[in-house]
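Visitor: here is a sequence together with a model predicted from it:
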Amino acid sequence: MSAATTSNSPSKWLVLPHYAFAAVTFVVLCLLLVFSTDSFGGHYFHPKLLTMTHVAALGWATMIIFGSVYQLLPVVLEVRLYSDKLGMVAFAMLSTGTILLSIAFWNFWVGTIMHLAACLLFVSFLLFAYNVVQTARQVKKWGVEADFMVTSVVWLVATGLVGVLMVFNFQYPFLPQDHVHYLKLHAHLGMAGWFLLLIVGVGSKLIPMFLLAHPEDTRSLNWSYYLINGGLVLFAADHLFVHKGYYALYAAMVVSGIGCFLYFLYQAKCLAKRPDLDLGMKQTFVALALLVLPIVLVFVVTLQLGLPQHLLSSLYLVYGLSIFFGFVSALILGQTFKTLPFIVWMHSYEDYVGRFKTPMPKDLYSVTLLRWQNIAYIVGLVGLLGGVLLAEQTVILLGAILLSIAAVLYAGNVFKVLLHKVKDLKPFGYENAGTGARQRSV
Amino acid sequence: MKTQEQELVNEAYEALKYIIDPEIGINIVDLGLVYKVVVDEDKEALRVELTLTTPGCPMSGTITTAAEQMLHKRFPNLEIKVELVWLPPWTPEMISEEGMRLLGNT
């Protein structure tokens, strides 16, 4: 039998600050929502909406994805992370850039602060991409998961580049077409290229792992990869050069790719040896179910179907919200409690295993808080989306308040895990362990 | 295998059952992670080969150390050698009947 190597885990000081920053940002994001209910009445090119979108995309989703990727990349690719230091510099730039960009958008300052923020963010993306690519270059057994992860960082850099160009174009106009044209490109490269590809890549490895399933047939994942990327490349080429406008076709390709990924997960679910799902996994399946909304809406906003302009404006907003506050947030809210307690547990107890009775990772967070978080989140999301669709500010406000409650519960639980201290460990002994002790970690 | 050696091996498996996979929540023996437990001919060393559910699992050092500590406590007079191996790759089919029951499969 071949001997194995030791753990590839990166430093906790690289991974955990991302979770802390993201948790605080999610609370700030939901509070911004509470104070911005008036901004949902018109077009999506609105300073407050641009602020919230970037707080959600950068400070919340990208931040926690960066942190998770540093931890999960070695698990998925089975190699060590190329550089912890590069990751820390990228964290400093991403956090500073997000704060500056949010302030600049809120006040619509299109000058130096916004330029600086955009440059910081773009450099942080480049550093992250370099770290991921250099890590992937060490891989001996290349799988489709690696394709997804490496390609996703290419789209992240492309999204950042379009963003930087738009920021400079605010003050020194040089782009041939209007901002909304490039905003659509920027948003879709980010949503389908960065978030979706990365989620599919990581999810196709982690979800079967958590379900104790080993689906060997990855053909549907290969189809998923080519359909999503094919749709995106054609969309970008059309948007920038060809101007044919076959957007429904490109959307159909991306949606088919999502369908292939969901089929892969369905196969994994059928093979699962772990029938009892914990709250983290249940929330993950809620997130996957929430994908239906943007899948339907992308066709509605693309084809327009002769709908009145005010309804189309609302649908555009619901489309964006259903991705950031729906699918992406739901997934993070669930997966945080599958990954974070495990990371903290590993760093806290690795020196005590085998000698002391230790708690399990699930003992590090409150299941009650998580249950209420999930309830407040789903009711809040329905309120927010319904309120925006019906243009009812009171309903939007109620939804925003419930989402804020969910965010506070989430942040409270995250910091409970992050601030966990090892204390009062009892030495392990066979004479006092009893049979019940076999269900405790030691 | 001589009866005394077999007893030692059985005791080692029983000791390893106190190590619980922190993510899955069942012990590593019923999870099928322990591939081999062998007592040396001179009965001075106990050799264990175990694996993980996935090669990239960050638990490699933790589970190996736990196995060494548990066996050392149980057999203080034996030298303990725990080796992490990847072949054959672990599959869910290696979970024991008891493991399946603990996971909630009826």
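Guide: Received, thanks. This is a predicted model, so every value here is computed, not measured.
Visitor: how about the nearest residue to whichever residue of chain A sits closest to chain B, chain neighbours excluded?
Guide: As assessed by CB to the nearest CB, chain B sits closest to A:Gly354 within chain A, at 2.5 Å. Heads up, the C-betas are built off the backbone N, CA and C, glycines and all. Leaving out its chain neighbours, the residue that sits closest to A:Gly354 by CB to CB, 6 or more residues apart in numbering or on different chains is B:Gln69, at 2.5 Å.
Visitor: A:Ala56 now?
Guide: A:Phe324 (4.3 Å).
Visitor: that older thread, shouldn't the residue nearest to A:Gly354 be in contact with A:Val353?
Guide: Yes. If you go by CB atoms under 8 Å, B:Gln69 and A:Val353 touch, sitting 6.8 Å apart.
Visitor: shouldn't B:Pro58 be within a strand?
Guide: No. Counting by DSSP: H, G, I helix; E, B strand; the rest coil, B:Pro58 falls outside a strand, being coil.
Visitor: and it, how many residues sit next to it?
Guide: 22 (other CB atoms under 10 Å in any protein chain shown).
Visitor: ok, it to A:Thr37 distance?
Guide: Using CB to CB, to the nearest Å, we find B:Pro58 at a distance of 43 Å from A:Thr37.
Visitor: what do you get for A:Ile332?
Guide: 23 Å.
Visitor: try A:Thr25
Guide: From A:Thr25 to A:Thr37 the distance is 20 Å (CB to CB).
Visitor: which one's more surrounded, these two?
Guide: Per other CB under 10 Å, whichever of A:Thr25 and A:Thr37 has more neighbours is A:Thr25, with 24 against 21.
Visitor: distance of that one relative to A:Lys421?
Guide: 25 Å.
Visitor: quick one: the strands in chain B?
Guide: B:34-39, B:45-50, B:79-84 (DSSP state E).
Visitor: can you lay out the ones you listed as CSV showing mean neighbour count?
Guide: Below are these laid out as CSV (neighbours: other CB atoms under 10 Å in any protein chain shown):
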stretch, mean neighbour count
strand B:34-39, 18
strand B:45-50, 20
strand B:79-84, 18
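Visitor: adding mean pLDDT, write these out as CSV.
Guide: Shown next, in CSV, are these (pLDDT from 0 to 100):
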stretch, mean pLDDT
strand B:34-39, 95
strand B:45-50, 95
strand B:79-84, 94
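Visitor: taking chain B, what residue is nearest to chain A?
Guide: Closest point on chain B to chain A, by CB to the nearest CB, is B:Gln69, at 2.5 Å.
Visitor: now the residue nearest to the spatial centre of chain B. Nearest residue, chain neighbours left out?
Guide: Chain B has B:Val34 as the residue nearest its centroid, 3.5 Å off, counting by CA atoms, centre = their mean. In space, and not counting its chain neighbours, B:Val34 is closest to B:Leu50: 4.9 Å by CB to CB, 6+ apart.
Visitor: is that neighbour in a bridge, and if so with what?
Guide: Following DSSP bridges, B:Leu50 is listed with bridge partners B:Val34, B:Leu84.
Visitor: can I assume it is in contact with B:Leu84?
Guide: Yes. In terms of CB under 8 Å, B:Leu50 counts as a neighbour of B:Leu84; the distance is 6.4 Å.
Visitor: what is in contact with those two at once?
Guide: B:Ile63, B:Thr64 (CB atoms under 8 Å, 6 or more residues apart in numbering or on different chains).
Visitor: just for the stretch 1-150 of chain A, where's the confidence low?
Guide: A:1-7, A:42 (pLDDT under 70).
Visitor: before we move on, back to that, so who does the residue nearest to B:Val34 touch?
Guide: B:Leu16, B:Ile28, B:Leu33, B:Val34, B:Tyr35, B:Ile63, B:Thr64, B:Ala67, B:Val82, B:Glu83, B:Leu84, B:Val85.
Visitor: now do the last one: how many residues are near it, please.
Guide: B:Val85 is flanked by 17 other residues according to other CB under 10 Å.
Visitor: what do you get for A:Val133?
Guide: 14.
Visitor: buried residues in whichever helix or strand A:Asn222 is part of?
Guide: According to DSSP states H and E, A:Asn222 maps onto helix A:219-237. By 16 or more other CB atoms under 10 Å in any protein chain shown, the buried positions in helix A:219-237 come out as A:220-221, A:223-225, A:227-229, A:231-232, A:234-236.
Visitor: I'd like the next helix or strand past the longest helix along chain A.
Guide: Ranked by residue count under DSSP state H, the longest helix found in chain A is helix A:144-171. Next along the chain after helix A:144-171, taking DSSP H and E as the criterion, comes helix A:179-188.
Visitor: relative to helix A:144-171, how tilted is that following helix?
Guide: 160 degrees (axes from the mean of the first three to the mean of the last three CA atoms, to 10 degrees).
Visitor: count of residues packed around the residue nearest to A:Lys338 when sequence neighbours are not counted?
Guide: Leaving aside its sequence neighbours, A:Lys338 sits nearest to A:Gly280 (CB to CB, 6+ apart; 4.2 Å). The number of residues packed near A:Gly280 is 21, by other CB under 10 Å.
Visitor: so how far is A:Phe108 from A:Gly280?
Guide: 39 Å.
Visitor: same check on A:Cys119?
Guide: From A:Cys119 to A:Phe108 the distance is 19 Å (CB to CB).
Visitor: comparing those two, which residue is more hemmed in?
Guide: A:Cys119 (17 against 13).
Visitor: check which helix or strand the more buried one maps to.
Guide: helix A:112-136.
Visitor: that helix to helix A:144-171, inter-axis angle?
Guide: 160 degrees.
Visitor: so how far is helix A:112-136 off the chain centroid?
Guide: Counting by CA atoms, centre = their mean, to the nearest Å, helix A:112-136 is centred 17 Å from the centre of its parent chain.
Visitor: what's it packed up against?
Guide: helix A:63-77, helix A:84-106, helix A:144-171 (3 or more CB pairs under 8 Å, 6 or more residues apart in numbering or on different chains; DSSP states H and E).
Visitor: repeat that with 6 Å
Guide: Where contact means 3 or more CB pairs under 6 Å, 6 or more residues apart in numbering or on different chains; DSSP states H and E, helix A:112-136 is packed against helix A:84-106, helix A:144-171.
Visitor: can I get those in JSON lines including distance to A:Tyr266 and mean neighbour count?
Guide: Below are the helices and strands packed on helix A:112-136 laid out as JSON lines (distance: least, CB to CB, whole Å; neighbours: other CB atoms under 10 Å in any protein chain shown):
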{"stretch": "helix A:84-106", "distance to A:Tyr266": "34", "mean neighbour count": "20"}
{"stretch": "helix A:144-171", "distance to A:Tyr266": "17", "mean neighbour count": "20"}
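Visitor: in JSON lines: the ones you listed, plus distance to chain B.
Guide: Shown next, in JSON lines, are the helices and strands packed on helix A:112-136 (distance: least, CB to the nearest CB, whole Å):
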{"stretch": "helix A:84-106", "distance to chain B": "14"}
{"stretch": "helix A:144-171", "distance to chain B": "10"}
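Visitor: any chance of a markdown table for those helices, columns distance to B:Asp42?
Guide: As requested, these are exported to a markdown table (distance: least, CB to CB, whole Å):
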| stretch | distance to B:Asp42 |
| --- | --- |
| helix A:84-106 | 45 |
| helix A:144-171 | 46 |
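Visitor: for the stretch 201-350 of chain A, what lies in contact range of chain B?
Guide: A:Met209, A:Leu212, A:His214, A:Lys273, A:Arg274, A:Pro275, A:Asp276, A:Glu350 (CB under 6 Å from any CB of the partner chain).
Visitor: switch the cut-off to 7 Å
Guide: A:Met209, A:Leu212, A:Ala213, A:His214, A:Lys273, A:Arg274, A:Pro275, A:Asp276, A:Phe342, A:Trp345, A:Met346, A:Glu350 (CB under 7 Å from any CB of the partner chain).
Visitor: tell me which two of the residues you listed sit farthest apart.
Guide: The distance between the two most remote of those (CB to CB) is 30.0 Å, for A:Pro275 and A:Glu350.
Visitor: neighbour count for those two, which is higher?
Guide: Counted by other CB under 10 Å, A:Pro275 and A:Glu350 do not tie: A:Glu350 has more neighbours, with 18 against 13.
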